[in-house]
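> Sequence and predicted model, in that order:
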Amino acid sequence: SGALVSMTVGGSEIVTRRSARSFIADTYTTRASGAVAVVVYVDNVAVGSGMVTLEPGHDYTLLAWDAGTSVQISLVADDNRPSATHRARVRLINAMSGSVVPVTLSVNYSPIAEYIEAGTVSIAAELDAGTDYQFDVTNAQTLAPLLTRESVTLLADGVYTFFLAGGGTSTITATLRKDR
């Protein structure tokens, strides 16, 4: 759909009219710690709201996703520290909308994140740096394939988030973001 999403945190707009189906921000915004109100707008209509608590010195990812009946808000803690063994760290965020099935992420046919519910994040898995990895996302309940990414490169000491978005009546998309 052509719907546009905006988000405010503590009364300040942090996302302005971006595609509602697959928007993944590419910057951090600094906010004071404490309890703050979050409001999600679609086409300038408030569709979800809630309170989140921001701890001092922490980084977060704010998710807005459609659970099929209402917009949900999830605050996910980020841990962008590199691996002590200089490997790549990869986590999956399931931000799919309209479909609330858990998913599994496999890398080169081995699961690294299993039964990740919509609106949640996996624990980071550590992988050797390398090229030509294959990422496969499947429905954890039926094992039906949902998405494949080939020729993925992971760098030593890299910290990555694999965002899964779309779903429902929209194409499932994914973005691998290098957080560090």
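Looks like it arrived, so ask away.

> doesn't Leu154 make contact with Tyr160?
Yes: with contact defined as C-beta atoms under 8 Å, Tyr160 counts as touching Leu154 (6.7 Å). C-betas here are computed from N, CA, C, even on glycine.

> For Val5, list each beta-bridge partner.
Val5 has the following beta-bridge partners by DSSP bridges: Arg18, Val42.

> Run a quick neighbour tally on it.
19 (other C-beta atoms under 10 Å).

> Give me the distance between it and Ala165.
For Val5, the distance to Ala165 (C-beta to C-beta, to the nearest Å) stands at 11 Å.

> I'd assumed Ser170 was in contact with Ser97.
Yes: look at Ser97 against Ser170 with C-beta under 8 Å: they come within range, at 7.4 Å.

> So for the two, which residue has more residues nearby?
Ser97 (23 against 18).

> Show the pLDDT at the closest residue to the more buried one other than its chain neighbours.
Of all residues not flanking Ser97 in the chain, Asp66 sits nearest, at 3.7 Å (C-beta to C-beta, 6 or more residues apart in numbering). We have a pLDDT of 80 for Asp66.

> Asp66: what's it in contact with?
Applying C-beta atoms under 8 Å, 6 or more residues apart in numbering, one finds that Asp66 lies in contact with Gln72, Ser97, Gly98, Gly168.

> Quick check: it vs Asp179, distance?
25 Å.

> what sits against Ala118?
Trp65, Ala67, Gln72, Asn94, Ala95, Met96, Ser97, Ser99, Val100, Val101, Pro102.

> and those residues as TSV, adding distance to Thr138 and secondary structure?
Shown next, in TSV, are these (distance: C-beta to C-beta, whole Å; DSSP: H, G, I helix; E, B strand; the rest coil):
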residue	distance to Thr138	secondary structure
Trp65	19	strand
Ala67	20	coil
Gln72	22	strand
Asn94	12	strand
Ala95	17	coil
Met96	13	coil
Ser97	18	coil
Ser99	13	coil
Val100	15	coil
Val101	10	coil
Pro102	10	coil
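
> Is it possible to mark the buried ones in the residues you listed?
Buried members of the contacts of Ala118, counted by 16 or more other C-beta atoms under 10 Å: Trp65, Gln72, Asn94, Ala95, Met96, Ser97, Ser99, Val100, Val101, Pro102.
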